[in-house]
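*Asks:* All I have is the shape, not the residue letters:
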């Protein structure tokens, strides 16, 4: 009895500081079993942890409508038990109030925020993830300084700048300014309609890549989504102009369409995407069925297919061979298909 009382007292003392600091622990466990076929070769089976994560976030009321906010989030591989994600997820500190939110650290760029705001990435992080079926290029920016406006009758805008911190920039210029990288996005949501537009100039890769860019990296995006009763339809278009370290300038056009239909605890989802670069093109599509086991837990089954006609940039989400790891490497980009079953638990 005494041991139980002592244990309860210790637990109370440990929990008290966290409660007083308004700290929230959250995360997601997402693991699948996949069968991948690379253009007619033998199937490759794998167990894949898909963007599983754990995070801590908190707020402190500073008075007069002003609050401090912070977040620290990292990935965790539930397939092999590997702790922490070397690429990093969002981690920042900032202030928020009626005037909006100011933050700095590592965060999704406004371009990325706009892309996801329409709901286009249905069944994200699965084998039919829209970013795998098509090269929608969106990043988290390290060392970002960002502002997000309040919601004005459904309209929100965001802007971010990122210091180059001495990295090599276009034509070997040194990036040493405050706003060597910048990104802006506008998002609207009202009565089931969602609209988004964004522009981004990544003179160097904002997520940590420090190689030389011949002609920079700019892109713009427009997107829309509409929900009516149990039906959702979304579409996005991206124009991406970039150069690589071999002084090759490229323009890549990409569009994607997604749809879902919800019935009971189930959701049927379909994604389709197409990209073209000159005379070359690539397509990807996926179909999936998700079933809610509870408010926080779901199970799903997915089938996805990718076809590259002269291009090397379409793969499948979590495939053993990742064709997007080097957008100019001709050794990647084989056609392929994947069958995947998985479970997702959020806490």
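*Replies:* Nice, I can see it. The model shown is predicted, which means the values in this text are computed figures rather than measured ones.
*Asks:* Can you pull the poorly scored residue ranges out of this protein?
*Replies:* Scanning the chain for pLDDT under 70 picks out 1-21, 39-41, 84-87, 166-173, 204-216, 243-249, 310-334.
*Asks:* again, only this time at 50
*Replies:* The model of the chain has pLDDT under 50 over residues 1-3, 5-14, 16, 18-19, 206-214, 245-247, 321-332.
*Asks:* show me where it has helices.
*Replies:* Here the chain has its helices, by DSSP state H, at 2-20, 110-117, 130-133.
*Asks:* In terms of secondary structure, what does the last one contact?
*Replies:* Helix 130-133 makes packing contacts with strand 249-263, strand 266-277, strand 280-292, strand 297-309 when contacts are defined by 3 or more Cβ pairs under 8 Å, 6 or more residues apart in numbering; DSSP states H and E. All C-beta atoms are positioned from the backbone trio N, CA, C, and that covers glycine.
*Asks:* distance of the closest residue to residue 263 other than its chain neighbours from residue 257?
*Replies:* Distance criterion Cβ to Cβ, 6 or more residues apart in numbering; nearest residue to residue 263, sequence neighbours excluded, is residue 230 at 6.4 Å. Taking Cβ to Cβ, to the nearest Å as the measure, residue 230 falls 18 Å from residue 257.
*Asks:* residues in contact with residue 251?
*Replies:* By Cβ atoms under 8 Å, 6 or more residues apart in numbering, residue 251 lies in contact with 239, 240, 241, 277.
*Asks:* want to try a markdown table for the helices and strands packed on helix 130-133, with distance to residue 142 as columns?
*Replies:* What follows is the helices and strands packed on helix 130-133, written out as a markdown table (distance: least, Cβ to Cβ, whole Å):
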| stretch | distance to residue 142 |
| --- | --- |
| strand 249-263 | 24 |
| strand 266-277 | 27 |
| strand 280-292 | 29 |
| strand 297-309 | 30 |
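*Asks:* So which of these is nearest residue 190?
*Replies:* Closest to residue 190 of the helices and strands packed on helix 130-133, according to Cβ to Cβ: strand 249-263, at 19.6 Å.
*Asks:* buried stuff in the closest one?
*Replies:* Of the residues in strand 249-263, 252, 254, 255, 256, 257, 258, 259, 260, 262 count as buried by neighbour count, 16 or more other Cβ atoms under 10 Å.
*Asks:* just checking, the last one touches residue 230?
*Replies:* Yes. Under the contact definition of Cβ atoms under 8 Å, residue 262 touches residue 230, with a separation of 4.5 Å.
*Asks:* which neighbours do those two share?
*Replies:* Joint contacts of residue 262 and residue 230 (Cβ under 8 Å, 6+ apart) do not exist.
*Asks:* Please produce a ChimeraX select command covering the buried subset of the contacts of residue 251.
*Replies:* In ChimeraX syntax, the buried subset of those is picked out as below (16+ other Cβ under 10 Å):
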select :240,277
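*Asks:* now, among the contacts of residue 251, which is nearest to residue 93?
*Replies:* Nearest member of the contacts of residue 251 to residue 93, counting by Cβ to Cβ, is residue 240, at 31.3 Å.
*Asks:* Determine the number of other residues adjacent to the closest residue in space to the closest one that isn't next to it in sequence.
*Replies:* Leaving aside its chain neighbours, residue 240 sits nearest to residue 219 (4.0 Å; criterion: Cβ to Cβ, 6+ apart). Using other Cβ atoms under 10 Å, residue 219 has 22 other residues around it.
*Asks:* what's the distance between residue 219 and residue 135?
*Replies:* Using Cβ to Cβ, residue 219 is found at 10 Å from residue 135.
*Asks:* Mutual contacts of these two, please.
*Replies:* residue 240.
*Asks:* Tell me the one of the contacts of residue 251 nearest residue 300?
*Replies:* residue 240 (29.7 Å).
*Asks:* Isn't the closest one up against residue 138?
*Replies:* No. Using Cβ under 8 Å, residue 240 is not in contact with residue 138; the gap is 10.6 Å.
*Asks:* and stretch 262-282, how far apart are its ends?
*Replies:* 29 Å (Cα to Cα, to the nearest Å).
*Asks:* All further residue positions should be reported with the first residue as 9.
*Replies:* Yes, from this point I'll number from 9; that puts the last item at stretch 270-290.
*Asks:* Go ahead and measure how far that stretch is from the middle of the chain.
*Replies:* Mean-position distance between stretch 270-290 and its chain equals 16 Å (Cα atoms, centre = their mean, to the nearest Å).
*Asks:* residues touching the nearest residue to residue 103 once chain neighbours are set aside, list them.
*Replies:* Excluding the flanking residues, the one nearest residue 103 by Cβ to Cβ, 6+ apart is residue 110, at 5.2 Å. Residue 110 makes contact with 102, 103, 104, 154, 155, according to Cβ under 8 Å, 6+ apart.
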